[in-house]
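>>> Okay, predicted coordinates and the sequence, questions at the end:
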Amino acid sequence: MMHIPRKRFGQNFLRDHCVIREIVAAIGPRLSDRLLEIGPGEGVLTRELLQSGAHLDVIELDRDLVAALQQRFAGAGRLRIHAGDALKFDLRTIASEARLRVVGNLPYNISTPLLFRLFEQLDVIEDMHFMLQKEVVDRLCAGAGDDDYGRLSVMAALYCQAQHLFNVGPECFYPRPRVVSAVVRLVPHTVLPDAGLVKQVSAVVAAAFGQRRKTLRNALKGLLDESALARAGIDPRARAEELSLADYVGLSRQLHP
Ligand SMILES: C[S@@+](CC[C@H](N)C(=O)[O-])C[C@H]1O[C@@H](n2cnc3c(N)ncnc32)[C@H](O)[C@@H]1O
């Protein structure tokens with residue numbers, strides 16, 4: 001039976017086989033890989049990924065699609081289908097000695113919380129390749145001074161290296177999304193930030209970008225005084241978008257635990 005796309009699950013299915021192959025080529029799956037696909041939908045990407053011979057886990061929220069996937073891939077021994085919410089999924093339950101390579105054409109309505117959930121589990125992740133709204137990819141890849149630089153850029157840079165790979169137009173999906181999409185590669189840093197540092201950087205970044213038109217002297221009032229800014233070597237007249245990740249880490253070290 002034909003599946004009717006559900007908006008509440010962010011269902012925009014990939015229809016363009018060149019794009020599907022381009023995504024798989026960017027991932028470059030190897031036989032020894034442990035892949036995890038988030039939101040396999042009808043399984044177009046799943047099918048191509050399985051051809052690499054790698055072991056693949058998929059997690060899908062829509063139970064109708066889970067049933068269709070079970071039917072479509074019955075007998076595919078290297079595939080495990082999990083019915084559930086990727087936002088609640090604990091990657092450690094499927095990780096083995098090999099770290100996971102996470103992929104997906106993500107549901108755009110939950111992409112930011114999903115990215116943060118994955119950032120918390122990077123110790124079991126080798127890399128990630130995602131299709132996202134181009135706007136989100138631009139924010140992930142932006143550096144200090146860029147138009148798209150913001151909270152997400154700084155927090156993502158704290159955890160990993162982000163690389164914009166290519167754009168994908170709305171005509172490649174059914175139903176067509178209203179926005180242009182893009183594929184991004186995210187590679188976790190070898191040394192990951194500890195929970196304490198993440199909490200502190202997050203607090204400073206939220207305050208700084210929460211009032212991005214203000215100077216840091218004013219935006220950070222109540223959190224860090226001017227002498228703390230001076231100790232971190234930050235000009236109190238600067239604005240949030242001018243500071244690099246290293247500047248934010250320096251500032252967060254001035255916070256009292
Ligand atoms: C943009 S569609 C992509 C489907 C398929 N991979 C493709 O490219 O055609 C997103 C998929 O994620 C699923 N999904 C939505 N929310 C989810 C969640 N919280 N956890 C797991 N899957 C989810 C949707 O049901 C849908 O199948």
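Noted; the coordinates are in hand.
>>> can you pull the contacts of Ser52?
For Ser52, the contact set (Cβ atoms under 8 Å, 6 or more residues apart in numbering) comprises Val24, Pro29, Arg30, Leu31, Asp33. C-betas here are computed from N, CA, C, even on glycine.
>>> SS state for the second one?
The assignment at Pro29 comes out as coil when based on DSSP: H, G, I helix; E, B strand; the rest coil.
>>> if we can go back for a sec, relative to the ligand, which of the contacts of Ser52 is nearest.
Nearest to the ligand among the contacts of Ser52 is Val24, at 11.6 Å by Cβ to the nearest ligand atom.
>>> so the closest one touches Val44, yeah?
No. If you go by Cβ atoms under 8 Å, Val24 and Val44 don't touch, sitting 10.4 Å apart.
>>> circling back: most neighbours among the contacts of Ser52, which one is it?
Pro29 (21 neighbours; other Cβ atoms under 10 Å).
>>> Now do the phi/psi pair for the residue lying closest to it once chain neighbours are set aside.
Of all residues not flanking Pro29 in the chain, Ser52 sits nearest, at 3.7 Å (Cβ to Cβ, 6 or more residues apart in numbering). Phi and psi for Ser52, reported as degrees, to the nearest 10, are phi -70, psi -20.
>>> State the distance from the residue of the chain positioned farthest from its centre to Asp16.
For the chain, the largest distance from the centre (Cα atoms, centre = their mean) belongs to Ser227, which lies 35.7 Å off. Ser227 sits 56 Å away from Asp16, going by Cβ to Cβ, to the nearest Å.
>>> give me the residue from the stretch 151-257 of the chain nearest the ligand.
Phe173 (7.5 Å).
>>> check contacts around that residue.
Asn12, Phe13, Leu14, Arg15, Asp16, Ser181.
>>> One more: Leu115?
By Cβ under 8 Å, 6+ apart, the neighbours of Leu115 are Leu140, Leu152, Ala156.
>>> Buried among these? Make that a PyMOL selection.
Buried members of the contacts of Leu115, defined by 16 or more other Cβ atoms under 10 Å, are picked up in PyMOL with:
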select buried, resi 140+152+156
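>>> mind giving me CSV with the contacts of Leu115 and columns for distance to the ligand?
Listed next are the contacts of Leu115 as CSV, based on distance: Cβ to the nearest ligand atom, whole Å:
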residue, distance to the ligand
Leu140, 17
Leu152, 19
Ala156, 20
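>>> if we take the contacts of Leu115, which one ends up nearest to Leu100?
Ala156 (18.2 Å; Cβ to Cβ).
>>> which strands and helices sit next to the host helix or strand of Ile81?
Following DSSP states H and E, one finds Ile81 within strand 79-83. Applying 3 or more Cβ pairs under 8 Å, 6 or more residues apart in numbering; DSSP states H and E, one finds that strand 79-83 contacts strand 55-60, helix 63-72.
>>> what domains does the record give for the protein?
Per automatic domain parsing, the domain ranges recorded for the chain read 7-188, 195-255.
>>> can I get those domains in a markdown table with mean pLDDT?
Listed next are these as a markdown table, based on pLDDT from 0 to 100:
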| stretch | mean pLDDT |
| --- | --- |
| domain 7-188 | 96 |
| domain 195-255 | 95 |
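>>> just the helices in the stretch 101-250 of the chain please.
Here the stretch 101-250 of the chain has its helices, by DSSP state H, counting those that start in this stretch, at 111-119, 134-141, 151-159, 195-210, 216-219, 226-231, 245-252.
>>> The longest one: how far from the chain's middle?
Read it as helix 195-210. Distance, stretch centre to chain centre, for helix 195-210: 18 Å (Cα atoms, centre = their mean, to the nearest Å).
>>> If anything else comes up later, I'll come back, but that's it for now.
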